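Asker: Just a sequence and a predicted model for now, questions to come.
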Amino acid sequence: MAHAFAKIHVAAKQLGMDEDAQRDVYERVTGERSLRAMNGLQLAAVNTEMVRLGFKPSHAKGNKLSGTYGPMMRALWLSAYNLGVVRNSRDEAMIKWVYRQTQIEHLNWVRHPEDANKAIDALKLWMRRESKCPKLYTQNWQQLWQRCNPKVQVIFCQWDILMRADWFDGPMSLHAYLGVSKNWAMKNHDDESLIEIMNELGTMVRAIK
């Protein structure tokens, strides 16, 4: 319910209500003066009343992500795009997916770990299932440098997808494909190089799908 609390607080702030005015609305609508004493239906009724009083919610369409967990979710979504799991890399597509999975209206409302984890875990599970890479975002990797960097894990999963699809004519190793400089960048967690590799391999992976 934490996202419902956050949304109501945003509404009260937008309407210029102080704490006493907020609690008066709560009590008038539900008989309770505290959000934490309310059930889901009561919280929904308070939100409806806030809208009636003039609150204008921000809708997902066209919005850019903000909030504590927005950047993390965007990074995961772009990884899903480069794994061929999703076809649309835009924030709007991710926001709609999160709503379908979690009923969180917009990630900008997410300020609490339990709500963020619901969205993050759902996306990670989907990525593992659709990419057929069960080790993705786990510690089940042989090398420490693989376990420590999720971008490295995505690259190895991309390579696995390409190998299963026989993308190259004849045998090819990731080490041979990347060459000395990019292998060095992988092991040193050079973010700029890792993103470049992910994007390059992502073009190939999406061509398979």
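Answerer: Alright, I've got the coordinates. Numbering: from 1, shown residues only.
Asker: Which parts of the helix or strand hosting residue 26 count as buried, going by neighbours?
Answerer: Assigned by DSSP states H and E, residue 26 belongs to helix 19-30. In terms of neighbour count (16 or more other C-beta atoms under 10 Å), helix 19-30 has its buried residues at 22, 23, 25, 26, 29, 30. C-beta coordinates here come from the backbone N, C-alpha and C atoms, glycine included.
Asker: how close does the residue nearest in space to the middle of the chain get to residue 164?
Answerer: Centroid-nearest residue in the chain: residue 73, 2.6 Å away (criterion: C-alpha atoms, centre = their mean). Distance, residue 73 to residue 164, by C-beta to C-beta, to the nearest Å: 27 Å.
Asker: circling back to that earlier point, tell me the helices and strands packed up against the helix holding residue 26.
Answerer: helix 2-14, helix 40-52 (3 or more C-beta pairs under 8 Å, 6 or more residues apart in numbering; DSSP states H and E).
Asker: residues in contact with the last one?
Answerer: Under the contact criterion C-beta atoms under 8 Å, 6 or more residues apart in numbering, helix 40-52 has outside partners 1, 4-5, 7-8, 11-12, 15, 25-26, 28-30, 32, 35, 38, 57.
Asker: Any of these buried? List them.
Answerer: 4-5, 7-8, 11-12, 25-26, 29-30, 32, 35, 38.
Asker: which of the helices and strands packed on helix 19-30 sits most buried?
Answerer: Mean neighbour count (mean count of other C-beta atoms under 10 Å) peaks for helix 2-14 among these, with a mean of 18.
Asker: For that one, C-alpha coordinates in PDB please.
Answerer: Below are the C-alpha coordinates for helix 2-14, written out as PDB (Å, rounded to 0.1, in the frame of the first residue of the first chain):
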ATOM      1  CA  ALA A   2       3.000   2.300   0.200                       C
ATOM      2  CA  HIS A   3       2.500   3.600  -3.300                       C
ATOM      3  CA  ALA A   4      -1.100   4.500  -2.400                       C
ATOM      4  CA  PHE A   5       0.200   6.500   0.600                       C
ATOM      5  CA  ALA A   6       2.700   8.300  -1.600                       C
ATOM      6  CA  LYS A   7       0.100   9.200  -4.200                       C
ATOM      7  CA  ILE A   8      -2.300  10.600  -1.600                       C
ATOM      8  CA  HIS A   9       0.500  12.700  -0.100                       C
ATOM      9  CA  VAL A  10       1.400  14.000  -3.600                       C
ATOM     10  CA  ALA A  11      -2.200  15.000  -4.000                       C
ATOM     11  CA  ALA A  12      -2.400  16.800  -0.700                       C
ATOM     12  CA  LYS A  13       0.800  18.700  -1.500                       C
ATOM     13  CA  GLN A  14      -0.600  19.700  -5.000                       C
END
